[in-house]
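**Q** how would this look folded up:
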Amino acid sequence: MTTAPPQEQRRLLDLQALDTRLAKLAHQRRTLPVLSTLAQLEGRGEDLHRAQVEAKTLAADTRRELTKAEADVEQVRARAARHQATLDSGKGLSRELVALQTELAQLADRQSVLEEIELEVMERMEAAEARVSELDLQERAIAADVERATAERDAAWAEIDAEVSRTRAERDQTAAQIDPELLDLYEYARSRTGGLGVVALRGHRTEGAQVDFSLSELAAIDAAGPDEVIVSEEHGYVLVRLDENGASGRA
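**A** Predicted coordinates for the structure are as follows:
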């Protein structure tokens, strides 16, 4: 049977309060609203990055397509210019000059078709480059939002971490004042219950957690000496008895 002075048992309640505070701080750190905001922003940023890669690829492909279209138009123009120069010189057989005139008309039609293709490709390229610019602006805006949210998160984390450090220091100081055997009993109870190791008991009524007692257990509680450490049979909590003034002792 573990024994400890009532005041030392009372320190377990102080220790539990500190452990509960640490658990709440850890939960607060994990569930800051800004973390959800950051996750959404980063997801949006990833979507924008993928869209930007696709847009830049399309713009590059369209730019190459335009280069080819411009080269095709320029080739036809150059050929037409050479034919026109030959016609203007008047040199050559008449049938050759007639053939050149016929080909010039065909080249004019071909140039018209190619210029329409060039214009259509140019319009698509301008649209693709405009899309790249638009996505770039969106990415910059998201990056700025991420930077602000990250700063907000880091500030909140720094505040929480400072509170955690203060609370842990206080916990260490409190734990150092508790007998190791009693402290082990408390830690074992916490490991079994997921965090709750001690419950205050005022008379037959517990505070902070509902604990049902059998008649034999109630009788044992009533008969226990002030230094006797009582453990709940059902849950394994350490039960710290308080008098009406809140001090540890017989109910």
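
**Q** may I have the secondary structure class of the nearest residue to Asp212 once chain neighbours are set aside?
**A** Residue nearest to Asp212 in three dimensions, not counting chain neighbours: Glu234, with 6.8 Å by Cβ to Cβ, 6 or more residues apart in numbering. All C-beta spots, glycine's among them, are computed from the backbone N, C-alpha and C. The three-state assignment at Glu234 reads coil, by DSSP: H, G, I helix; E, B strand; the rest coil.

**Q** surely Glu234 and Thr206 touch.
**A** No. At 11.5 Å, Glu234 does not count as touching Thr206 under the criterion of Cβ atoms under 8 Å.

**Q** just want to know which of those two has more residues nearby.
**A** In this comparison of Glu234 against Thr206, neighbours counted by other Cβ atoms under 10 Å, the higher total goes to Thr206 at 19 against 10.

**Q** what's across from the more buried one in the sheet?
**A** Leu201 (DSSP bridges).

**Q** so how far is Met125 from it?
**A** 76 Å (Cβ to Cβ, to the nearest Å).

**Q** cool, Arg63 as well?
**A** Summarising the geometry, the distance separating Arg63 from Met125, computed by Cβ to Cβ, is 6 Å.

**Q** and those two? which has more neighbours close in?
**A** Between Arg63 and Met125, counting by other Cβ under 10 Å, Met125 is the more crowded of the two (21 against 15).

**Q** what residues are up against Ala209?
**A** Residues in contact with Ala209 (Cβ atoms under 8 Å, 6 or more residues apart in numbering) are Leu196, Val199, His235, Tyr237.

**Q** repeat that for 10 Å
**A** By Cβ atoms under 10 Å, 6 or more residues apart in numbering, the residues touching Ala209 are Thr193, Leu196, Val198, Val199, Ala200, Ser232, His235, Tyr237.

**Q** separate out the buried members of those.
**A** Neighbour-count burial (16 or more other Cβ atoms under 10 Å) is assigned, among those, to Leu196, Val198, Val199, Ala200, Ser232, His235, Tyr237.

**Q** of these, which pair is most distant in space?
**A** Ala200 and His235 (13.9 Å; Cβ to Cβ).

**Q** by contact count, what packs against the one helix or strand Val98 maps to?
**A** With secondary structure defined by DSSP states H and E, Val98 is part of helix 94-175. Secondary structure elements in contact with helix 94-175, counted by 3 or more Cβ pairs under 10 Å, 6 or more residues apart in numbering; DSSP states H and E, are helix 6-30, helix 33-89, helix 180-193.

**Q** what comes up buried for the first one?
**A** Within helix 6-30, the residues that count as buried by 16+ other Cβ under 10 Å are 6, 8-19, 21-22, 25, 29.

**Q** distance from the chain centre to it, please.
**A** The chain centroid and the centroid of helix 6-30 are separated by 29 Å under Cα atoms, centre = their mean, to the nearest Å.

**Q** show the average pLDDT along that helix.
**A** What helix 6-30 shows for mean pLDDT is 96.

**Q** now swap in the longest one and tell me
**A** For helix 33-89, the per-residue pLDDT values average out at 92.

**Q** do you know how far the most centrally placed residue in the chain is from Thr57?
**A** Residue closest to the mean C-alpha point of the chain, counted by Cα atoms, centre = their mean, is Ala39 at 3.1 Å. When Cβ to Cβ is the yardstick, Ala39 and Thr57 sit 28 Å from each other.

**Q** show the contacting residues for the nearest residue to Leu66 once chain neighbours are set aside.
**A** Closest residue to Leu66 apart from its sequence neighbours, by Cβ to Cβ, 6+ apart: Val121 at 4.7 Å. The neighbours of Val121, taking Cβ under 10 Å, 6+ apart as the test, are Thr62, Arg63, Arg64, Glu65, Leu66, Thr67, Lys68, Ala69, Glu70.

**Q** and Val121, what's its pLDDT?
**A** Here the pLDDT value assigned to Val121 is 94.

**Q** relative to Val73, how far out is it?
**A** Taking Cβ to Cβ as the measure, Val121 and Val73 are separated by 11 Å.
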